[in-house]
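[1] I would like to see how this sequence folds:
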Amino acid sequence: MAQLLLAASVAFHAPLSSHVAMKRAPAPQAIGGFFGGGGDLQLFPDDVQFKDVDGDTVTLRGVRGKVDFYVNGKLTLSSARMQRTGNTLEITGTIKKGTPLSFLGFNLEDTVTEGTTPSDPADADKAMGLVQ
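    Numbers count the residues shown, from 1 in each chain. Presented below is the predicted three-dimensional model:
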């Protein structure tokens, strides 16, 4: 019986070789905003994208009378209100801030207003078309 167990254990040992190449698994890819993916914004035909006077690439996506506001491909505000003051677009929305009790679902919300001025005033007209 002892010989049978010894033979069985030898059968499961893999040969060791110094020529075995180890490969790492590829890094996880951001899927639909999971894993903090940013910068890989996929444009939709109705999106309005422009350079603002600060040189940032701004993308506005209409969502049921509100906008998602992206700066340089990163979502900054979601489902935000937008109004125009002169050539400046003012986008107002809420952001969540973590607390020591965030793991229990206790987060703080803060209302912020971001202002952006398109380099071309015609882009402000196009952007306002998203919320009308």
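
[2] Start from the N-terminal end of the chain and give the helices.
    2-11, 121-128 (DSSP state H).

[3] Comparing those helices by mean pLDDT, which bottoms out?
    Here the lowest mean pLDDT among these goes to helix 2-11, at a mean of 44.

[4] What residues does Lys51 make contact with?
    57-58, 118-119 (Cβ atoms under 8 Å, 6 or more residues apart in numbering). In this view, the C-beta of every residue, glycine as well, is placed from N, C-alpha and C.

[5] Repeat the analysis, applying 6 Å as the threshold.
    Applying Cβ atoms under 6 Å, 6 or more residues apart in numbering, we find Lys51 in contact with Ser119.

[6] Note down every partner strand of the longest strand seen in the chain and its orientation.
    As assigned by DSSP state E, the longest strand anywhere in the chain is strand 74-85. According to DSSP bridges, strand 74-85 forms sheet pairs with strand 66-71 (antiparallel), strand 88-97 (antiparallel).
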